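Enquirer: using only what follows, build the 3D model:
(3 chains)
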Amino acid sequence: MNMPQSYQTDLEVILEFLEEHCRQETRGQWENGKKLRLFHFLFEMLEDPGMAHCLSWVPASVGVFRFSSTYKEHVAALWGQRKGNRRPMTYQKMSRALRNYTRSGEIIKVRKKLTYQFSGATLTTLRSQQRMKNT
DNA sequence: TTGGCTGGGAATGAAG
DNA sequence: ACTTCATTCCCAGCCA
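Expert: Now for the predicted structure:
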C-alpha cells in the first residue's frame, strides 16, 4: 500500500482516461473499438423496428433504404445527439455527410426522393458486425 | 413560381 | 503535423 507519490498519480491519470473512455462508450461514440460512423448509426436505426416510421428498407432492393418525409428530421436529431454536437443536426446537414460517402462508395444515392443504397461491401461488414453483437 | 430535395465547394472541428 | 470523417455554411440546379 506504500507507493511512491508519482506512481499513484499515474494510476489516477489512467483511471481518469478509462472513465472518460467508458463515458464515450455509453454515449455511443464508439463501435467495436472504432469510431462510430454515420452509416453504422443508420444501419442500427434500420434494424430497429421501432424506427420504421422514420426510415426503412425498401423491399426487394438490396441495401436500399428511404427516409420518411415527415420524420427525417427526427433521425437527424438523434444522430446529432449521439455525436454530442454543439449545434443540432438537421436532415440538410446529415445528407451532406451522406453525400461524402459517394467518394468512398460506402453509400450511393438512388434517383428516388430520400432514398439511398449501401454498397454490397458495406452491407456485408455491417451484417457481420451485427452478428458479433448478438453472441 | 415556390418549396423540398439534391449536389457539392470550402472552411472548420474532432479525433487518432 | 497530418489524415480521416463529420459538421457547418452557403449557393445553385432540378422538378412536382
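Enquirer: what's the pLDDT at residue A:33?
Expert: Residue A:33 carries a pLDDT value of 81.
Enquirer: tell me the residues of chain A that contact DNA strand C?
Expert: Proximity of chain A to DNA strand C, by C-beta under 7 Å from any atom of the strand, involves residues A:35, A:37-39, A:79-80, A:83, A:85-89, A:92-94, A:96-97, A:100-101, A:104. C-beta coordinates here come from the backbone N, C-alpha and C atoms, glycine included.
Enquirer: if we use 10 Å, what do you get?
Expert: Within reach of DNA strand C by C-beta under 10 Å from any atom of the strand, chain A has these residues: A:34-42, A:76, A:79-90, A:92-101, A:103-104, A:106-107, A:111, A:113.
Enquirer: hmm, which of the residues you listed are the buried ones?
Expert: Buried by 16 or more other C-beta atoms under 10 Å: A:36, A:38-42, A:76, A:79-80, A:82, A:89, A:94, A:98, A:101, A:106-107, out of these.
Enquirer: and the helices in chain A?
Expert: A:5-26, A:38-47, A:72-83, A:91-104, A:120-133 (DSSP state H).
Enquirer: pLDDT weak spots in chain A?
Expert: Applying pLDDT under 70 to chain A flags residues A:1-27, A:135.
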